[in-house]
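Peer 1: I would like to see how this sequence folds:
(chains A and B)
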There are 2 protein chains.
Amino acid sequence: MPDKKIAFPLVVEPFQEDVTGHLSWANLGNIILRCASLHAEAHGFGYTYMQTHQRGWVLSRLVLDLEAMPATAEHFSVTTWVSRIFRQFTDRNFTITGSDGCTYGHGISTWALIDYATRQPVNLETLPEGGFHRAMLDEVPPIATYGRARCKSTEPVATRDCRFSDLDINGHVNSIRYIDMALDLFPLEWHREHTVRRIELAYGLEGHAGDHLELYKEALPATDDAQQRFAVEIRRPADNATLVRIIVALN
Amino acid sequence: MPDKKIAFPLVVEPFQEDVTGHLSWANLGNIILRCASLHAEAHGFGYTYMQTHQRGWVLSRLVLDLEAMPATAEHFSVTTWVSRIFRQFTDRNFTITGSDGCTYGHGISTWALIDYATRQPVNLETLPEGGFHRAMLDEVPPIATYGRARCKSTEPVATRDCRFSDLDINGHVNSIRYIDMALDLFPLEWHREHTVRRIELAYGLEGHAGDHLELYKEALPATDDAQQRFAVEIRRPADNATLVRIIVALN
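Peer 2: Predicted coordinates for the structure are as follows:
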C-alpha cells in the first residue's frame, strides 16, 4: 500500500506567480487539487476507480491558510492525506513545506463522492471492504477549521459571466476559479499593500458556461487571528442560487 | 554548454484539461512560456541575466499549431530552441511530442529584449561576446509562419475588464490570457463540436489591471489549410490601442 501521507515535490515555475512574485493563490489551489487527485489515484480511489464505478469526487469545502507563499523558483512540497470519513463526507488535508523545512501553511478540504446514476452522495462509511478507511491517518493540520461568516449584502459589487475557459473537464466552473473571482474584487494597489493569509470556500451549486454571476463583498469584524476579514458570496440570480461562500482573511 | 535543443518531459496533470479532456490551449501556452524561460536560464540569458542587466524578454508574436492535444494523464514533451536573431528580435521554436514519438504539433515565437532603463529593444546582433548566437540552431518547425489577417469589424462582440488574476509578475496581463479571451468568444457547444488547430497572436501594447477591453471577432475566408478561420482583435478604447491581433484556425 502507498504511504498514507504522500509528499509531492514542486517548484514555483515561471508564470505561476502573481504580481508580487509569489505563487498565486489560484495556482496553489490547482496544485492542491492535482496532488489530491494523484494521492487518491495511488490509493485506488482516484480517476480509475471513478471511471469504473461511475462516481466522482465533489469538493464541498476548502480552507487554505498560509503564513507565506513560496516565491519564483523556490522549491516546496505539498503533503496530503485523508484524516476522516463521516457519512457522505471525507476530509483531506494538506501541508505546504519549504525546501529548508519551513512550513508555509496548511489546507483542509471536504469532499463528497457522487454517484452519477443517482446524482446522490454515497455513504462513505458503508462502502464494501472497508472502503477508503485503510488510507486514513488520524492527524489534522494546526489551523482553524471552517468559519461561518456570511455576506449579508444585497448589492453586488461586480458581475461575471462564466465562459469556456472557466470550465473543468466535468463542464463545471473550476472550483479554484472562484478564488480568482474573489481576489479580483480587490484592486491591484490593495494586493500590493496587503497579504492574504487565509481563504475559505464553501461550495453550493455548480456554475456552468453562460451563467451570469453576481459577486457580493463585505468587511467582517476583526478577530484575534485576523485584523481584516471579508465575506464574499457568488450568486446566480437566474435561479437564485448561491454558488460559493468565501472568506478572505489577512494577518 | 547545455544542448541547443532542450526537451522538457511533461504530463497532462489533473485540472490542466479543458472541457473536452485535453490539455487546454492556455495551459499549453503557459507550459511553452515556462519551457522558454527554463531554456533561456540554462543558456545564460534567462531570469538571472535579466536581473543583472536590467533587461527583460517581451513576447512579440506566437503561433501554436497542433494536429491534436494530449489528453488527461498523457505524457508528452516540449522541445525548444532558438533559431534566429534578426536585429532586435529572436525566434524561439517549440515541438510538442507524445510519449510514443508522435508529433502533436509545433510553435514559433518571436521575442524582443527590452532595456528597462531606456524602455527600448536591444540590438541582439551586436551584443558583447557574440551575445546569444552560440545557442542558435539553424532549424525551423514545419508549420506556416505568421499570417497577416486583420479584423475589420467595428462592433465589439464582448468586453472584458482586466483584473489582478490576469497579471503576471511584471504587472502586465499575461500574454497567454489573451488565448482564453479569444476562445471564450466561442460558446461551449461550438467547442464541443470543433477542434481548434492553430492560434496566432501578434502582441501590441500591454494590458494592465483596470483596463477595459473590447473584443472584436469576424470569420475569415477559408484557406487550403483551414476550413474555418477567425480574426480576433482585443482593443483598449481608452487610448485607442490594439493589445493583440489573433487568428484562430480549424482544420
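Peer 1: list the contacts of A:Ile108.
Peer 2: A:61-63, A:91-94, A:140-141, A:143, A:145-146 (Cβ atoms under 8 Å, 6 or more residues apart in numbering or on different chains). Just so you know, the C-beta spots here come from the backbone N, C-alpha and C atoms, and that holds for glycine as well.
Peer 1: which one of those has the most neighbours?
Peer 2: Among the contacts of A:Ile108, the one with the most neighbours (other Cβ atoms under 10 Å in any protein chain shown) is A:Leu62, at 27 neighbours.
Peer 1: contacts only, for that one.
Peer 2: So A:Leu62 contacts A:29, A:32, A:107-110, A:175, A:199-201, A:203 (Cβ under 8 Å, 6+ apart).
Peer 1: who does it form a beta bridge with?
Peer 2: A:Ser109, A:Leu201 (DSSP bridges).
Peer 1: do A:Trp81 as well
Peer 2: Bridge pairing for A:Trp81 (DSSP bridges) gives the partners A:Asn93.
Peer 1: count the neighbours of it for me.
Peer 2: 23.
Peer 1: distance of the residue nearest the centre of chain A from chain B?
Peer 2: Closest residue to the average C-alpha location of chain A: A:Leu62 at 4.0 Å, with Cα atoms, centre = their mean. Going from A:Leu62 to chain B by Cβ to the nearest Cβ, to the nearest Å gives 13 Å.
Peer 1: report the buried residues of stretch A:73-85.
Peer 2: Residues of stretch A:73-85 classed as buried by neighbour count (16 or more other Cβ atoms under 10 Å in any protein chain shown): A:73-74, A:76-85.
Peer 1: which of those lies closest to B:Phe186?
Peer 2: A:Val78 (34.4 Å; Cβ to Cβ).
Peer 1: so that closest one touches A:Arg92, yeah?
Peer 2: No - the pair A:Val78 / A:Arg92 is not scored as a contact, 11.4 Å apart, by Cβ atoms under 8 Å.
Peer 1: and the contacts of A:Ile108 as JSON lines, adding pLDDT and distance to B:Arg245?
Peer 2: What follows is the contacts of A:Ile108, written out as JSON lines (pLDDT from 0 to 100; distance: Cβ to Cβ, whole Å):
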{"residue": "A:Arg61", "pLDDT": "97", "distance to B:Arg245": "43"}
{"residue": "A:Leu62", "pLDDT": "98", "distance to B:Arg245": "39"}
{"residue": "A:Val63", "pLDDT": "98", "distance to B:Arg245": "43"}
{"residue": "A:Asp91", "pLDDT": "97", "distance to B:Arg245": "49"}
{"residue": "A:Arg92", "pLDDT": "97", "distance to B:Arg245": "44"}
{"residue": "A:Asn93", "pLDDT": "98", "distance to B:Arg245": "47"}
{"residue": "A:Phe94", "pLDDT": "98", "distance to B:Arg245": "42"}
{"residue": "A:Val140", "pLDDT": "96", "distance to B:Arg245": "52"}
{"residue": "A:Pro141", "pLDDT": "97", "distance to B:Arg245": "48"}
{"residue": "A:Ile143", "pLDDT": "96", "distance to B:Arg245": "47"}
{"residue": "A:Thr145", "pLDDT": "93", "distance to B:Arg245": "50"}
{"residue": "A:Tyr146", "pLDDT": "92", "distance to B:Arg245": "46"}
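Peer 1: list the helices and strands the longest helix along chain A packs on?
Peer 2: In terms of residue count, the longest helix belonging to chain A (DSSP state H) is helix A:25-42. Packing contacts for helix A:25-42, counted by 3 or more Cβ pairs under 8 Å, 6 or more residues apart in numbering or on different chains; DSSP states H and E, involve strand A:6-11, helix A:47-53, strand A:55-66, strand A:75-86, strand A:89-98, strand A:103-115, helix A:177-183.
Peer 1: which bits of chain A sit near chain B?
Peer 2: Within chain A, the residues that sit near chain B (Cβ under 8 Å from any Cβ of the partner chain) are A:13-19, A:21, A:24, A:26, A:30, A:33-34, A:37-38, A:47, A:72-73, A:163-165, A:167-171, A:174, A:176, A:180, A:183-184, A:186-188, A:191, A:209-210.
Peer 1: and the longest helix of chain A, what's its mean pLDDT?
Peer 2: Across helix A:25-42, the average pLDDT comes to 95.
Peer 1: what's near enough to touch A:Met171?
Peer 2: Small correction: residue A:171 is Gly, not Met. A:208-209, B:19, B:188.
Peer 1: now a PyMOL select for only the buried ones of those.
Peer 2: Of the contacts of A:Gly171, the buried ones can be selected in PyMOL as follows, counting by 16+ other Cβ under 10 Å:
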select buried, (chain A and resi 209) or (chain B and resi 19+188)
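Peer 1: ok, the contacts of A:Gly171 vs B:Ala238, which is closest?
Peer 2: Out of the contacts of A:Gly171, the member with the shortest distance to B:Ala238 (by Cβ to Cβ) is A:Ala209, at 29.0 Å.
Peer 1: I'd assumed B:Asp184 was in contact with that closest one.
Peer 2: No - when contacts are counted by Cβ under 8 Å, A:Ala209 is not listed as touching B:Asp184 (9.2 Å).
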